[in-house]
Structures are given as structure tokens and as C-alpha cells.
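**Q** Based on what follows, work out the 3D shape:
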Amino acid sequence: IDYKFNNIPARYLLINNIPQTNIAIEHPDNSLFMYVHAISTIASVKKPLSDVLLCGLGGGSLYQEFSKLGFTIDVVEIDKRMIEISKKFFSLNLNENIIVDDCRHYLQTSQKKYDIIIIDVLNGEAPPSHLFTLQAFIALKKNLKDDGMIIFEIPSYAYGSKGIVTASIFKT
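**A** Below you'll find the predicted structure:
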């Protein structure tokens, strides 16, 4: 959806009518979602050429941020249509390794170790539950370098009754 954000031409990617990507059309490499910049800031403690696994592509905002940091990026995207959508509508120039697969399956079968693994795989507002199981966390750890970090993007609160998803992930 194209719209105006403070009189700036902007574009949303919607999945199940839920915004997944939000950019200024004239600056597609700069997300209008703050979480993208927060994750990029956290990841920036790693050096350029760090190996990053991005599980979930969406419109490619995190990919854009990690490219700016000089990271080597592998992308696992379950829906091959997202690759073309990110190129056509969000000006994404994919230069890295793109794997069309389920992230959990990829983690269970890959031997590659990463400095950073990002889980950003929402379908609308629903995270795929099989990526938040003990088995998935074991696979994540197997693919993480000793000083690596895992970052989850989840649409939830941290505390109280609205934080049940976060609490469940922490407990697992």
C-alpha cells in the first residue's frame, strides 16, 4: 500500500492485512519501523564481514540495515514470492545467499556457524510456533558461534497478561 507518512510518500507491505515492512519510497533503504533500527543497533557490536543468518525477508528492511553494516548475509525465506516482492516494490538489491526453505529445517540441516541469527518470521502477527520450541532453540545454538547472538523480533509485550508469548519463549 502506498500512502503519505508526514507528507512523505511511503509504502507498506501487508501480510494478512498486518504491516510487515514500512519504507519511505524515495529512501527505500531506510525503514520507517523503529524495531529495524533497534535490531541494527544491537547487531552493530559485531564487526563488518560478520556472518549473519536472517530468517525471514519481508520487504528486506533488516537486510538493508545489515548490508550497511558490511555483514555477510544468508537469508532463509519460506515464501519465494517475498524475494520478488522485495526487489520489485522495496528496491532490494539482493547480493547474498538466498535460501528458500523453512528456517527450522535449514538450521537443523546446515553446518554453518553464524555471528548473528535473526528470527523475524511473522505471518501477520503470528510467529510460527515451531521456531519457538526447544528443538528449534537447540538448532539455533548449533549454528551459532561461541560469541554469537540470537535476536528475535516478536510482536509482544514483556510483562503482564499481554506478555504471555514473551514469557513462554523465555521459559523455553
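**Q** where exactly do the strands run in this structure?
**A** Along the chain, counting by DSSP state E, strands occupy 2-5, 8-15, 18-24, 27-31, 51-55, 72-77, 97-100, 114-119, 144-152.
**Q** Please tabulate these in CSV and include mean neighbour count as additional columns.
**A** Heads up, the C-betas are built off the backbone N, CA and C, glycines and all. Shown next, in CSV, are the strands of the chain (neighbours: other CB atoms under 10 Å):
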stretch, mean neighbour count
strand 2-5, 10
strand 8-15, 16
strand 18-24, 20
strand 27-31, 17
strand 51-55, 25
strand 72-77, 21
strand 97-100, 16
strand 114-119, 24
strand 144-152, 14
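**Q** Show me the one of those strands that comes nearest residue 38.
**A** strand 144-152 (9.4 Å; CB to CB).
**Q** which other residues reach the closest one?
**A** Residues outside strand 144-152 that contact it (CB atoms under 8 Å, 6 or more residues apart in numbering): 39, 42-43, 46, 51, 113-119, 140, 169.
**Q** what separates residue 104 from residue 31, distance-wise?
**A** Computed as CB to CB, to the nearest Å, the residue 104 to residue 31 distance reads 26 Å.
**Q** circling back: please dump the strands of the chain into CSV; it should also carry mean pLDDT for every row.
**A** Shown next, in CSV, are the strands of the chain (pLDDT from 0 to 100):
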stretch, mean pLDDT
strand 2-5, 94
strand 8-15, 93
strand 18-24, 91
strand 27-31, 91
strand 51-55, 97
strand 72-77, 96
strand 97-100, 94
strand 114-119, 97
strand 144-152, 96
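**Q** Show me the one of the ones you listed that comes nearest residue 133.
**A** strand 114-119 (12.2 Å).
**Q** That closest one to strand 72-77, inter-axis angle?
**A** 30 degrees (axes from the mean of the first three to the mean of the last three CA atoms, to 10 degrees).
**Q** Could you list the alpha-carbon positions for strand 114-119 in CSV?
**A** C-alpha atoms of strand 114-119 as CSV (Å, rounded to 0.1, in the frame of the first residue of the first chain):
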residue,chain,number,x,y,z
TYR,A,114,26.9,-17.5,12.4
ASP,A,115,27.9,-14.5,14.4
ILE,A,116,24.2,-13.3,14.5
ILE,A,117,21.0,-15.1,13.8
ILE,A,118,17.9,-13.0,13.5
ILE,A,119,14.4,-14.6,13.7
